[in-house]
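Engineer: I'd like to go over a predicted model; first the sequence, then the structure.
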Amino acid sequence: MEYKSVVGETVTEKIIEKSRFLTYVAHTEGEAEARTFLARVRALHPAATHVCFGYIADKIGNEQRFSDDGEPQGTAGMPILGVIKAQNLRETAIAVVRYFGGIKLGAGGLTRAYAGGAAEGVEKAEKRVYTTGVEVLLEVDYPDVNAALRFLEGEIVLSREFADKARFTVMVKESAEKDFTARARDFFNGKVTVSAGKKYFYPF
């Protein structure tokens with residue numbers, strides 16, 4: 001299984017007819033994280049007129065929520081959620097903060113403003129495919145450290161530890177784990193310890 005999501009958090013801003021719109025886009029794993037993200041955005045903007053949102057909090061698209069937060073029904077939350085769906089994103093939350101500037105936008109104007117803000121935020125955000133990865137630990141003796149560094153060029157190295165031996169924790173796609181292990185043992189002529197650790201979704 002794999003799915004597309006944003007990485008980290010992104011903020012964009014635009015002014016429409018004197019109203020200020022700030023869009024926050026974040027990777028949120030589960031509804032609890034999505035709610036925490038929204039609470040944090042609200043806390044950052046206690047004087048905002050509206051904080052509207054949409055999110056898909058799970059990996060398969062079942063946990064969907066949205067809110068117009070006082071805007072006319074259907075003009076904010078649904079358009080925001082629509083952007084997430086259109087981009088086929090999962091575990092993604094978008095909050096659009098509005099500071100009213102004194103000029104009413106009308107239903108169509110509001111829909112365009114919220115959908116446009118969400119779309120700009122998603123466009124700016126870094127997006128990756130999340131798939132199951134495995135943490136693989138390589139252990140080598142110190143004379144082989146330089147060789148290990150060469151072998152690991154281009155790999156996703158999560159950590160390096162230098163104690164009694166040199167240890168490198170590498171993130172590898174689950175589908176490539178066996179090949180990676182075989183290449184490592186061949187490269188070091190068997191003078192390496194390779195062990196698999198935790199499995200989880202990772203943004204490759």
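Structural biologist: In hand now; what should we look at?
Engineer: I'd like to know the average pLDDT value across the lengthiest helix in the chain.
Structural biologist: If you go by DSSP state H, the chain has its longest helix at helix 106-124. What helix 106-124 shows for mean pLDDT is 97.
Engineer: give me the buried positions along that helix.
Structural biologist: Judged by neighbour count using 16 or more other Cβ atoms under 10 Å, the buried positions of helix 106-124 are 110-111, 113-122. For every residue, glycine as well, the C-beta is placed using N, CA and C.
Engineer: partners of the helix or strand just after it in the sheet?
Structural biologist: Downstream of helix 106-124, the next assigned helix or strand under DSSP states H and E is strand 127-140. When pairs are called by DSSP bridges, strand 127-140 turns out to pair with strand 2-6 (antiparallel), strand 166-173 (antiparallel), strand 193-203 (antiparallel).
Engineer: how many neighbours does Ile60 have?
Structural biologist: Neighbours of Ile60 under the rule other Cβ atoms under 10 Å: 9.
Engineer: and for it, nearest residue in space, chain neighbours not counted?
Structural biologist: Excluding the flanking residues, the one nearest Ile60 by Cβ to Cβ, 6 or more residues apart in numbering is Arg90, at 7.1 Å.
Engineer: ok so, going back, dump the buried residues of helix 106-124 into TSV; add distance to Leu81 as well.
Structural biologist: Below are the buried residues of helix 106-124 laid out as TSV (distance: Cβ to Cβ, whole Å):
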residue	distance to Leu81
Leu110	15
Thr111	12
Ala113	15
Tyr114	10
Ala115	10
Gly116	14
Gly117	13
Ala118	9
Ala119	12
Glu120	16
Gly121	13
Val122	12
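Engineer: now the strands for the protein?
Structural biologist: With strands called from DSSP state E, the chain shows them at 2-6, 9-16, 19-27, 50-56, 64-67, 92-99, 127-140, 156-162, 166-173, 193-203.
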